[in-house]
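A.B. asks: got a predicted model here, sequence first, then my questions.
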Protein chains: 2
Amino acid sequence: MKTFKTPLKDMHFVHYEVLDAMSSYDKLPLEEEVSKDLISAIMEECGKYAENVLFPLNQPSDKEGCRLEDGQVYTPKGYKEAYQQWVDGGWQGLSHPAQYGGQGLPLSLGIMKAEIIGTANWSFGMYPGLSLGAMNTIYTHGDDAQKDLYLSKLTEGTWAGTMCLTEPHCGSDLGQVKTKAEKNDDGSYTLTGTKIFISSGDHDLTENIVHIVLARIPGSPEGTKGISLFIVPKFNTDENATVGEFNNVNVGSIEEKMGIHGSSTCVLNFDGSKGFLLGEVNKGVSAMFTFMNTARIGTAIQGIGTAELAFQNSLAYAKERRSMRPLSGPKEKDQVADTLMKHPDVRRLLLKQKAIAEAGRAMLYDASLIADGLMSVESQEDFDEIDDKLGFLTPILKGFFTELGIEAANDGMQVFGGHGYIQEWGMEQIARDVRISSLYEGTTGIQALDLLGRKIILNKFKQYGAFNKRILELYKEIMRSPYRWKMMRYAGPLMAYHLRWQKVLVTILLKARKDRDAVGASTYDFLMYSGYMASAFYFTKMALASHYRLDNGGDLEPEFYEAKLETADFFFDRMLPRAKGHASAINGKVGSLMSMDEDDFDRQHA
Amino acid sequence: MKTFKTPLKDMHFVHYEVLDAMSSYDKLPLEEEVSKDLISAIMEECGKYAENVLFPLNQPSDKEGCRLEDGQVYTPKGYKEAYQQWVDGGWQGLSHPAQYGGQGLPLSLGIMKAEIIGTANWSFGMYPGLSLGAMNTIYTHGDDAQKDLYLSKLTEGTWAGTMCLTEPHCGSDLGQVKTKAEKNDDGSYTLTGTKIFISSGDHDLTENIVHIVLARIPGSPEGTKGISLFIVPKFNTDENATVGEFNNVNVGSIEEKMGIHGSSTCVLNFDGSKGFLLGEVNKGVSAMFTFMNTARIGTAIQGIGTAELAFQNSLAYAKERRSMRPLSGPKEKDQVADTLMKHPDVRRLLLKQKAIAEAGRAMLYDASLIADGLMSVESQEDFDEIDDKLGFLTPILKGFFTELGIEAANDGMQVFGGHGYIQEWGMEQIARDVRISSLYEGTTGIQALDLLGRKIILNKFKQYGAFNKRILELYKEIMRSPYRWKMMRYAGPLMAYHLRWQKVLVTILLKARKDRDAVGASTYDFLMYSGYMASAFYFTKMALASHYRLDNGGDLEPEFYEAKLETADFFFDRMLPRAKGHASAINGKVGSLMSMDEDDFDRQHA
């Protein structure tokens, strides 16, 4: 891997000019005022750290991987030093309360930070990322003593955190969890069981690790209603956070994975480890899910950041590498061959990556500004309302943009031809690393079920309706604007695809009256349709903002806005039409998915 | 990786019942008569060898890889023994002339053989596969002495072969080749230069390796017109094929790749190596391309075989693994959860892999029966006519089915959830291995250019017209058959998509009058559209054959034919509609791909 530059201009364009983040911040009860200057300074600093410290470690750490020695996991060379700079810079607590040592900035800025570091080095970013999950869970469900003890250390970054859900026999089906938590006389619990796929499960970056563990108290009801949440530190501590003896959280092994080799994925054996109840008994699953939306948004960043990184690297190669002449004739006759940039199909691969990164970024920041409210709500009702709004966007962001991030990484490899397959160039690492993104935090299939089943149908179309309203409002805004003719190129298709989005939903619901499998048979295609339509919405918003700025003097050079409009052109002409295929699949017979007898799947191989 | 069973039933169904291979063989001037019994016996034997010898080596050889020691490449443990069995079984010469020790069977049976071994272990299959390329080239362009010397050893399998095209500065752009061939007094040449990405470039499987090398004789014209072809053995030999001293073909390194670690991909330095002109001076590129169609068909097998392997393994997992309940309610109430098979979206992933493997197999065998004529033609004109026919199908097979094979491998991983990302289960290896397939032997972009630019437009629509005619004839056959009503489900959409195939081509040509980039801007989407339409054609053929067989007693059980019809249902309902997106992209403006100024691609990252 050769190049990474923080896409600050596009980040600021989306944040300030498209989504008007500053007005949104004005409404937040922030501990300190935020200004554009402050935000820009923070992101610039974060970008420097990512470019100069994290990115150079990305490729070597893939080769080296993590190692397990005498029960202790060691991260690749340079991670420990880079993490120390992370702690020294106060990055971990950027968007967490000052009360626990944080900087009290909005969550949305934490998401921009996560995007920058995740794009530069996703494996490294997993460590602080998992800590965030633990922090959010303790912040919401912990008692004061737990918050005082754990949150200050986690916010500082001197302790790290994990989320321990999955077990060997169950992935996302948490009702099957078997890890046992037996109550001790002192009110603590003793945990016994095996957890797998624990990201950052062990490492050498911090003096302690705080595991958030789902387990079953003997005698609890079966299924998800009998599962509780526990804090289980790697090393026991006293109330002053002095680290004491080992708490029998044993690393069984490090998983050998396709990629993200710099991130340790552990099998953890809780062999009579001391734990503390977090939240209420038997409410563990819902407590764990409190921040599921933000966790899944965190994963969406991998798809978006990957598209950016693959784009930057394949663009650099396409500008340099010479091969053949396009069908339309030679462009640089004095050269032995034209650069790849001159070939239309290479431009297609580049523009696709660019469009994925930019649509994803816009949707990500939009969601992040909604999420900002979560940390400062006063009541469960307020939390639920924001979470509900966020919950509608989450499965689209996670499901769609990880799938498209994987595609973008493959496109990046494709630009390199055979060199894309060679480790040296780094493109195949990008593709291996991102491949996890559609698997963890719930597969694409689970996101698709979540969107249609839970976030639309069970939610009684409330947030679906709210998003529809936003599309209509954007259309009205365009009609009132001086750019209504220029914008027709986007607004027309947007409304057509939007109408069809509603039609396919009605189709599914009508079919479901006759066939109970109709919903399940449509979830994936509905998710993908929604993703393309949402992307069209965000590109339309970005195009409108670009026209305003071109006429009224934007903060950026005119070429920036023109390139944005051209990227939107590409998206509308050459990516959005894929949604038609998904709509047709939804209109297909349920039976074409469900009729085949299980025994007949492998008749031809007998 | 856990399971591989040769899909003999489906292979025979396509071969005998759909494509009527036996009638086709009757027309070939074969040295020996072939019967169904003989073919079935050969494929069964090949299947056993692949299942019992090659498949068990697939996963370990990925982990071990090849190693370079003191200038010699060593293949993974077990390859040498497996290769010896290959030689002993006479597999290398299955479809090569008896004159050189082969069995004289049709090329199409060699392709079935390659499919079986490639599905079980693609890395291993690369070694005999590259020998085939060398054999075909020498067979067509070598003089009698060269044939006598090299072909008998290659047919036996005791020597292997390679194809040395690419150099560091040029991939597919062979006009840039710099390797120098200087004539010696004895008529031989001395070769100096570096070749990269040489598959099977060195190994320990055979006593000698015959390199077919593109090089430039000093004073030759620039570009592809100044390049000649040479035979350069690893060890010099006398005319009795006694292996003598090392010929200075030095292995610079083995490439570290994303996958196919069992296959050695070498940098080869020809440091004054002795070579012999193959064919005419300065006709090297066209000679090298003589068997390009068959070589590319060989690569298409990787996509098709991968879909089969990923399907078999993810199916086995989906039948065993239990997780959650489908939206339509529990199916196995007495179990802790339903199997993955009960979830509609998992069925979608499985049926997609199955449909890709089966459509690909049908098209592959169809092409292979056309290719059969190549080995027995009497004149260049006859060769060209067959090659022309084959040439139309080749870029679709190679371009489309490697792209879809990569998708199938990803789908297979997806069925496994997080476990798909872990090396132990073997699914991520399948995905890594197949990723090369859309890169080598010409990227998808190059296949797309080849199809539209060369095989359709330059060919004056001749073979395009011939394929159109086949579609219309199939339609007529359906209309005359007793199954015309039942077949409407397939024949109707086939004709609609076929019509649109013609329309998009006209659209491209009309646009090209105004804008020279119009063709280049459409090649990829046209290739993909063609692939979906061709698949619809083959599924329609298979469906028709299934109806006949269901009514008239086929060789296979009824469930086989019913499953085939259900797979066709899935394809038509849920995959074919993707072609609409590609048609729309073709209808998009050329400018949406070509307008952006090169400098504006990274405005947002400055």
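C.D. replies: Good, I have the coordinates.

A.B. asks: make it CA atoms for all contacts and neighbour counts henceforth
C.D. replies: Will do.

A.B. asks: mind showing which ranges of the stretch 351-500 of chain A have poor pLDDT?
C.D. replies: For the stretch 351-500 of chain A, no stretch has pLDDT under 70.

A.B. asks: also the stretch 101-250 of chain A?
C.D. replies: In the stretch 101-250 of chain A (pLDDT under 70), no residue qualifies.

A.B. asks: which bits of it sit near chain B?
C.D. replies: Contact residues, the stretch 101-250 of chain A versus chain B (Cα under 8 Å from any Cα of the partner chain): A:Cys170, A:Gly171, A:Ser172, A:Asp173, A:Gln176, A:Phe197.

A.B. asks: which stretches in the stretch 51-200 of chain A count as strands?
C.D. replies: With DSSP state E, counting those that start in this stretch, the ranges of strands along the stretch 51-200 of chain A come out as A:67-69, A:72-74, A:159-164, A:180-183, A:189-199.

A.B. asks: follow-up on the earlier one: and the residues of the stretch 101-250 of chain A next to chain B, which two are furthest apart?
C.D. replies: A:Gln176 and A:Phe197 (15.6 Å; Cα to Cα).

A.B. asks: on that earlier part again, in JSON lines: the strands of the stretch 51-200 of chain A, plus mean neighbour count and distance to A:Gln414.
C.D. replies: What follows is the strands of the stretch 51-200 of chain A, written out as JSON lines (neighbours: other Cα atoms under 10 Å in any protein chain shown; distance: least, Cα to Cα, whole Å):
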{"stretch": "strand A:67-69", "mean neighbour count": "15", "distance to A:Gln414": "32"}
{"stretch": "strand A:72-74", "mean neighbour count": "18", "distance to A:Gln414": "34"}
{"stretch": "strand A:159-164", "mean neighbour count": "27", "distance to A:Gln414": "36"}
{"stretch": "strand A:180-183", "mean neighbour count": "21", "distance to A:Gln414": "48"}
{"stretch": "strand A:189-199", "mean neighbour count": "23", "distance to A:Gln414": "30"}
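
A.B. asks: show me what contacts the residue in the stretch 51-200 of chain A that chain B sits nearest to?
C.D. replies: Closest residue of the stretch 51-200 of chain A to chain B, Cα to the nearest Cα: A:Asp173 (5.5 Å). Residues near A:Asp173 by Cα atoms under 8 Å, 6 or more residues apart in numbering or on different chains: B:Ser323, B:Met324.

A.B. asks: before we move on, what about A:Thr306?
C.D. replies: Applying Cα under 8 Å, 6+ apart to A:Thr306 gives the contacts A:Thr119, A:Ala357, A:Gly405, A:Ile406, A:Ala408, A:Ala409, A:Ile430, A:Val434.

A.B. asks: in helices, which of these appear?
C.D. replies: If you go by DSSP state H, the contacts of A:Thr306 have A:Thr119, A:Ala357, A:Gly405, A:Ile406, A:Ala408, A:Ala409, A:Ile430, A:Val434 in helices.

A.B. asks: number of residues surrounding the closest residue to A:Val249 other than its chain neighbours?
C.D. replies: Nearest residue to A:Val249, sequence neighbours excluded (Cα to Cα, 6 or more residues apart in numbering or on different chains): A:Phe270, at 4.8 Å. A:Phe270 has 25 neighbouring residues, counting by other Cα atoms under 10 Å in any protein chain shown.

A.B. asks: how close does A:Phe270 sit to chain B?
C.D. replies: According to Cα to the nearest Cα, to the nearest Å, A:Phe270 and chain B sit 21 Å apart.

A.B. asks: so for the strand or helix carrying that residue, what's the average pLDDT?
C.D. replies: Per DSSP states H and E, A:Phe270 falls inside strand A:265-277. Mean pLDDT, strand A:265-277: 98.

A.B. asks: next up, phi/psi of the closest residue to A:Leu105 other than its chain neighbours, please.
C.D. replies: Computed as Cα to Cα, 6+ apart, the closest residue to A:Leu105 that is not its neighbour in sequence is A:Ser95, at 4.4 Å. Here is the backbone geometry of A:Ser95 (degrees, to the nearest 10): phi -120, psi 40.

A.B. asks: do the same with A:Lys319
C.D. replies: Phi and psi for A:Lys319, reported as degrees, to the nearest 10, are phi -80, psi -20.

A.B. asks: show me what contacts it?
C.D. replies: Neighbours of A:Lys319 in contact, by Cα under 8 Å, 6+ apart: A:Thr339, A:Leu340, A:Met341.

A.B. asks: which one is the second one nearest to, not counting chain neighbours?
C.D. replies: Beyond its immediate neighbours in the sequence, the residue positioned closest to A:Leu340 (Cα to Cα, 6+ apart) is A:Ala318, lying 4.7 Å away.

A.B. asks: touching, the one you found and A:Asp338? I think so.
C.D. replies: No. Using Cα atoms under 8 Å, A:Ala318 is not in contact with A:Asp338, being 10.1 Å away.

A.B. asks: closest to A:Ala466 among the residues of the stretch 101-250 of chain A next to chain B?
C.D. replies: Distance to A:Ala466, by Cα to Cα, is smallest for A:Ser172 among these, at 28.8 Å.

A.B. asks: ok, the closest one - how many residues close by?
C.D. replies: Neighbour count for A:Ser172, taken as other Cα under 10 Å: 19.

A.B. asks: my read: it touches A:Cys164, true?
C.D. replies: No. Using Cα under 8 Å, A:Ser172 makes no contact with A:Cys164, being 11.8 Å away.

A.B. asks: distance of A:Met575 from A:Leu544?
C.D. replies: According to Cα to Cα, to the nearest Å, A:Met575 stands 19 Å off from A:Leu544.

A.B. asks: who has more neighbours out of those two?
C.D. replies: Per other Cα under 10 Å, whichever of A:Met575 and A:Leu544 has more neighbours is A:Leu544, with 24 against 21.

A.B. asks: which residues touch that one?
C.D. replies: A:Ile478, A:Tyr483, A:Met487.

A.B. asks: ditto for A:Gly445
C.D. replies: Contacts of A:Gly445 (Cα under 8 Å, 6+ apart): A:Gly399, A:Thr523, A:Tyr524, B:Asp345, B:Val346.

A.B. asks: and with 7 Å instead?
C.D. replies: A:Tyr524, B:Asp345 (Cα atoms under 7 Å, 6 or more residues apart in numbering or on different chains).

A.B. asks: what's the first helix or strand after the helix or strand encompassing it?
C.D. replies: Using DSSP H and E, A:Gly445 sits in helix A:444-449. Per DSSP H and E, helix A:444-449 leads on to helix A:462-480 as the next helix or strand towards the C-terminus.

A.B. asks: okay, that next one in PDB with CA atoms only?
C.D. replies: This file holds the C-alpha atoms of helix A:462-480, laid out as PDB (Å, rounded to 0.1, in the frame of the first residue of the first chain):
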ATOM      1  CA  LYS A 462     -42.900   5.200  11.200                       C
ATOM      2  CA  GLN A 463     -39.200   5.800  10.400                       C
ATOM      3  CA  TYR A 464     -39.700   4.500   6.800                       C
ATOM      4  CA  GLY A 465     -42.400   7.200   6.500                       C
ATOM      5  CA  ALA A 466     -40.000   9.800   8.000                       C
ATOM      6  CA  PHE A 467     -37.400   9.000   5.400                       C
ATOM      7  CA  ASN A 468     -39.900   9.200   2.600                       C
ATOM      8  CA  LYS A 469     -40.800  12.600   3.900                       C
ATOM      9  CA  ARG A 470     -37.200  13.700   3.800                       C
ATOM     10  CA  ILE A 471     -37.000  12.700   0.200                       C
ATOM     11  CA  LEU A 472     -40.200  14.700  -0.700                       C
ATOM     12  CA  GLU A 473     -38.900  17.700   1.200                       C
ATOM     13  CA  LEU A 474     -35.600  17.600  -0.700                       C
ATOM     14  CA  TYR A 475     -37.700  17.500  -3.900                       C
ATOM     15  CA  LYS A 476     -39.700  20.500  -2.900                       C
ATOM     16  CA  GLU A 477     -36.500  22.300  -2.000                       C
ATOM     17  CA  ILE A 478     -35.100  21.600  -5.400                       C
ATOM     18  CA  MET A 479     -38.300  22.800  -7.100                       C
ATOM     19  CA  ARG A 480     -38.100  26.100  -5.100                       C
END
